[in-house]
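In: Return a 3D structure for these sequence lines:
(one chain, ligands or ions: 1)
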Amino acid sequence: MMKTIKDLDITGKRVFIRCDFNVPIDSDGNITDDRRIRAALPTIRYCIDHECKIILASHYGRPEAGKYEEKYSLSSVHIRLQTLLKLAANINIANDVVGEDAKAKAASLKAGDVLLLENLRYEAGETENDDTFAKELASFGDVYINDAFGACHRKHASIYAMTKEFDTEHKAAGFLMNKEVNFFQKVIEEPVRPFVAIVGGSKVSGKLKALTNLIKKVDKIIIGGGMAFTFLKAQGYEIGNSLVENDLLDDARAIMYKAKKAGVKFYLPVDLVVAPEFSENTETKYLPSQEIPAGWMGLDIGPASSRLFREVINDAQTIIWNGPMGVYEMDKFSKGSIKMSHNIADTHATTIVGGGDTADVAQKAGDVDEMTFVSTGGGASLELIEGKVLPGLEALAYQE
Ligand code: AMP
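Out: Predicted coordinates:
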């Protein structure tokens with residue numbers, strides 16, 4: 001069981017809300033998709049309406065711990081929050097996480113005011129799940145709210161260690177978190193079949209376990225993006241300079257073997273968009289997966305793969321999609337991901353899009369409204385579907 005913010009008495013209290021403001025930005029530092037910020041607003045507004053003193057905290061990217069690098073600052077998130085909340089609140093940002101500035105600004109909050117702490121990962125204690133750091137964070141709030149579904153699969157101080165400082169009357173899930181968990185629970189408990197998982201993105205390593213466990217749940221798996229090359233190489237293909245994780249070739253073979261044994265259909269790209277270099281201004285060729293020239297790399301799936309994958313999902317009743325099919329950030333290599341998005345949106349299945357990049361693709365493709373559910377959590381949603389207990393949920397759980 002997990003309490004939600006509505007189950008707690010928060011009126012007038014100091015409320016610490018762990019948010020997930022890890023939004024994608026372009027090379028000029030502009031936020032390209034503010035879905036995660038907008039998704040946090042219902043909880044923040046609820047706290048404003050209950051005259052709370054609100055502390056918001058989030059990680060952002062992967063700064064080196066202990067270093068306050070400007071490019072990882074939450075300042076652009078602060079500005080977007082001000083725009084979105086307009087005059088509903090007085091929103092300030094601290095220059096540090098648990099330092100003097102944060103403490104002074106927190107102490108001067110009035111009812112309905114909001115203070116955004118700087119990037120939690122500026123402090124080493126966050127990723128180390130450090131108790132001392134967690135206690136410092138906890139000292140900011142009488143009540144702890146976790147609305148960071150996208151970070152719940154990480155045992156970090158603001159997600160896990162910190163919750164020990166609050167009893168069950170003083171910690172709960174925010175509205176976003178509650179919505180996400182309820183949705184995925186339904187999919188896990190009774191997926192309508194055929195159930196298809198479409199997994200892309202750059203790294204097999206990050207999704208290896210998820211893939212292994214997904215085999216037990218789904219009827220078909222489609223692999224695209226950079227991670228496809230580890231599988232193609234594992235099958236003996238020449239992959240040129242494409243992204244590959246050579247130490248995972250055996251794991252890739254094991255996954256394909258398990259899928260075969262379990263009767264799960266497993267699909268890899270049959271053709272690719274290849275280029276001699278990782279650049280928008282490079283020459284490209286459309287070639288079958290067997291024909292990647294030496295020295296070239298695959299940066300998107302080709303049109304035949306898009307058609308094949310459309311056929312594969314044609315009879316699907318439930319589809320989860322996590323990870324782009326190519327380097328979608330560059331127009332030249334974005335077609336495979338955009339087509340995948342259109343094809344998913346065109347099905348009559350329950351469609352679940354997970355992960356910041358994938359939501360960004362669906363947004364670029366103009367398909368967001370056609371999807372059943374766009375989750376703010378990528379890794380977290382995959383792990384939940386695989387049946388894992390997420391540290392962030394475990395931390396809020398209580399026995400009735
Ligand atoms: P992930 O964080 O693992 O979900 O990966 C997302 C990233 O994968 C995106 O930034 C894509 O640009 C990248 N990506 C997708 N396909 C490829 C590819 N074929 N080669 C290199 N990177 C890729």
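In: quick one: contacts for the residue in the chain positioned nearest to the ligand?
Out: In the chain, the residue that lies nearest the ligand is residue 201 (2.6 Å; C-beta to the nearest ligand atom). The C-beta positions use only the backbone N, C-alpha and C, and glycine is treated the same way. By C-beta atoms under 8 Å, 6 or more residues apart in numbering, the contact list for residue 201 reads 207, 225-227, 322-324, 355, 357.
In: Looking at the residues you listed, which are in strands?
Out: In strands, defined here by DSSP state E, the members of the contacts of residue 201 are residue 322.
In: need the contacts of residue 201 in CSV with pLDDT, can you?
Out: As requested, those are exported to CSV (pLDDT from 0 to 100):
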residue, pLDDT
207, 86
225, 97
226, 97
227, 96
322, 94
323, 95
324, 97
355, 79
357, 87
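In: Could you dump the contacts of residue 201 into TSV and include neighbour count and distance to residue 246?
Out: Listed next are the contacts of residue 201 as TSV, based on neighbours: other C-beta atoms under 10 Å; distance: C-beta to C-beta, whole Å:
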residue	neighbour count	distance to residue 246
207	23	17
225	31	17
226	23	14
227	27	13
322	26	23
323	26	20
324	28	22
355	24	25
357	21	24
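In: So for stretch 102-110, mean pLDDT?
Out: Taken as a whole, stretch 102-110 has an average pLDDT of 97.
In: Format the CA atom coordinates belonging to it as PDB.
Out: Coordinates of each C-alpha in stretch 102-110 appear next as PDB, following Å, rounded to 0.1, in the frame of the first residue of the first chain:
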ATOM      1  CA  ALA A 102      19.200  26.900   0.400                       C
ATOM      2  CA  LYS A 103      18.800  26.900   4.200                       C
ATOM      3  CA  ALA A 104      18.400  30.700   4.400                       C
ATOM      4  CA  LYS A 105      15.900  30.800   1.500                       C
ATOM      5  CA  ALA A 106      14.000  27.800   2.900                       C
ATOM      6  CA  ALA A 107      13.700  29.500   6.300                       C
ATOM      7  CA  SER A 108      12.200  32.700   4.800                       C
ATOM      8  CA  LEU A 109       9.500  30.900   2.800                       C
ATOM      9  CA  LYS A 110       5.900  32.100   3.400                       C
END
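In: gap between residue 382 and residue 197?
Out: 9 Å (C-beta to C-beta, to the nearest Å).
In: now residue 69
Out: On the measure of C-beta to C-beta, residue 69 and residue 197 end up 36 Å apart.
In: ok, the two, which is more surrounded?
Out: Using other C-beta atoms under 10 Å as the criterion, residue 69 and residue 197 rank with residue 197 on top: 25 against 11.
In: Check the contact between that one and residue 218; I expect there is one.
Out: Yes - judged on C-beta atoms under 8 Å, residue 197 makes contact with residue 218 at a distance of 4.6 Å.
In: And the pLDDT at the residue of the chain closest to the ligand?
Out: The predicted local confidence for residue 201 is 94.
In: So it: helix, strand or coil?
Out: Three-state call for residue 201 (DSSP: H, G, I helix; E, B strand; the rest coil): coil.
In: repeat for the one 10 residues further on
Out: Here residue 211 takes the helix state, with states given by three-state DSSP.
In: Tell me the residues of the protein that contact the ligand?
Out: Applying C-beta under 6 Å from any ligand atom, we find that the chain lies next to the ligand at 201-203, 206, 225-226, 243, 298-299, 323-324, 326-329, 355, 357.
In: in stretch 248-268, what's buried?
Out: With burial defined by 16 or more other C-beta atoms under 10 Å, the residues of stretch 248-268 counted as buried are 248-249, 251-252, 255-256, 259, 264, 266-268.
In: Could you do stretch 292-303 as well?
Out: So, applying 16+ other C-beta under 10 Å, buried residues of stretch 292-303: 292, 296-302.
In: Same question for stretch 187-206.
Out: Using 16+ other C-beta under 10 Å as the test for burial, stretch 187-206 gives 187, 191, 194-202, 204.
In: Over to stretch 92-106?
Out: 93-94, 96-99, 102, 105-106.
In: Same question for stretch 11-23.
Out: The neighbour-count check on stretch 11-23 (16+ other C-beta under 10 Å) flags 13-23 as buried.
In: next one: stretch 365-382
Out: So, applying 16+ other C-beta under 10 Å, buried residues of stretch 365-382: 365, 367-368, 371, 373-382.
In: before we move on, the earlier item: give me the subset of the contacts of residue 201 that lies in helices.
Out: residue 357 (DSSP state H).
In: Export the contacts of residue 201 to TSV and append columns for distance to residue 127.
Out: Converted to TSV, the contacts of residue 201 look like this (distance: C-beta to C-beta, whole Å):
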residue	distance to residue 127
207	20
225	26
226	24
227	24
322	22
323	23
324	25
355	20
357	21
